[in-house]
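**Student:** Model the structure of this input:
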Amino acid sequence: MKKTFLLFLFVMLNACGDGELEIDVIDFDSASLQFCETQATVNSTIFFKINDDEALILELQSGLLQNQASTDTIRSSFPSQSSLIYRLFTEGVNKSYFCDDIPPATPSVREEILAEAGEVLITTIQSATDTTLYEHTIKLGGVTLVNSRGERITNTQIEDFGTITTQE
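**Tutor:** Residues are numbered from 1 along each chain as shown. So this is what the prediction gives:
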């Protein structure tokens, strides 16, 4: 009986969390790409995706978007040229958190992780129906996220960031 009790106690102690935050999966496939302006332009550099209490924020280097069809994929690396930030909040967040002149006091950020490596890949095509419109498809590749404890988050499903349209 003592052995059974000690085994039970050992299992229970090992099963208890130490209170540290654990992120199992970063998945923004179902979240839509958003930005603060009413219409994205070639000068737009901040884009984000919100998934309830987490957000993925992409800041493009200036001049990356252009109103011309690209023959090759345009690349910008993290963190030297562009930046990618994953934020986990204390509660659900919405667009106004990123777009208001003064951000709301709540929710607060529980954890913020900057991409240490990777790149943003952009392909641009001219619209077949309106030659003043350009569609920019934004993808992410080789993203490496490492939290403050040095743990690499490997289960990231964030390759397709989204598509935006700009006009001449």
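**Student:** ranges for the strands of this protein?
**Tutor:** With DSSP state E as the criterion, the chain has strands at 26-27, 33-34, 46-51, 54-59, 74-77, 83-89, 109-126, 133-146, 152-153, 156-157, 160-167.
**Student:** I'd like to know how far the residue positioned nearest the centre of the chain sits from T71.
**Tutor:** Most central in the chain under CA atoms, centre = their mean is L56, positioned 2.3 Å from the mean C-alpha point. Taking CB to CB, to the nearest Å as the measure, L56 falls 28 Å from T71. All C-beta atoms are positioned from the backbone trio N, CA, C, and that covers glycine.
**Student:** Buried residues in stretch 133-140, which are they?
**Tutor:** By neighbour count with 16 or more other CB atoms under 10 Å, stretch 133-140 contains the buried residues 134, 136-140.
**Student:** and which of these is nearest to C99?
**Tutor:** Nearest to C99 out of these is I138 (CB to CB; 18.8 Å).
**Student:** pretty sure that closest one contacts F48?
**Tutor:** No: contact criterion CB atoms under 8 Å: I138 and F48 do not qualify, at 11.7 Å.
**Student:** Give me the common contacts of these two.
**Tutor:** Residues touching both I138 and F48 (CB atoms under 8 Å, 6 or more residues apart in numbering) are 33, 58.
**Student:** Helix or strand with the lowest mean pLDDT in this protein?
**Tutor:** Counting by mean pLDDT, DSSP states H and E, the chain has its least confident helix or strand at helix 2-15, which shows a mean of 46.
**Student:** pLDDT at the residue nearest to the centre of the chain, what is it?
**Tutor:** On pLDDT, L56 comes in at 95.
**Student:** Not counting its neighbours along the chain, what's nearest it?
**Tutor:** Closest residue to L56 apart from its sequence neighbours, by CB to CB, 6 or more residues apart in numbering: K49 at 4.7 Å.
**Student:** Wait, that neighbour touches D29, no?
**Tutor:** No: in this structure K49 lies outside contact range of D29 using CB under 8 Å: 9.4 Å.
**Student:** the more surrounded of the two?
**Tutor:** K49 (19 against 10; other CB atoms under 10 Å).
**Student:** which residues of this protein score low on pLDDT?
**Tutor:** 1-25, 154-157 (pLDDT under 70).
**Student:** Fine, thanks again, bye for now.
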